[in-house]
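Participant: Sequence and predicted model, in that order:
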Amino acid sequence: MLMIAECSSQVRRWATEILAHDPAVKRTQYMPGVGHHMWNGLDGNDDRAAAVVTSFLQDKPAPLPNRPTRDEIAAFLRGHK
């Protein structure tokens with residue numbers, strides 16, 4: 001699983017590069033409203049991040065949409081400049 005926080009476009013490019021080239025990534029969770037630190041205690045971010053990780057570890061459906069997918073990378077990067 002790859003978790004992408006809503007932070008700088010540089011970090012999004014690195015994360016989507018991993019998604020594009022690593023077939024082991026089966027789930028991507030974009031965390032809108034979360035900055036550079038996923039676990040920061042702000043606005044319920046810890047709870048949202050924990051829910052994403054827990055669902056993955058328990059092989060349950062993700063609490064967020066699986067996005068971006070590999071096919072959505074270009075549009076995802078264009079939409080977050």
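Facilitator: That came in fine, so what should we check first? Numbers count the residues shown, from 1 in each chain.
Participant: Just give the closest residue to residue 15, not the sequence neighbours.
Facilitator: residue 4 (4.6 Å; Cβ to Cβ, 6 or more residues apart in numbering). In this view, the C-beta of every residue, glycine as well, is placed from N, C-alpha and C.
Participant: after the helix or strand harbouring that neighbour comes which helix or strand?
Facilitator: Of the helices and strands defined by DSSP states H and E, residue 4 is found in strand 2-5. Sequence-wise, the next helix or strand downstream of strand 2-5 (DSSP H and E) is helix 9-21.
Participant: Quick one: list the elements packing against that following helix.
Facilitator: Helix 9-21 is packed against strand 2-5, helix 73-78, with contacts defined by 3 or more Cβ pairs under 8 Å, 6 or more residues apart in numbering; DSSP states H and E.
Participant: That helix: which residues count as buried?
Facilitator: Within helix 9-21, the residues that count as buried by 16 or more other Cβ atoms under 10 Å are 12, 15-16, 19.
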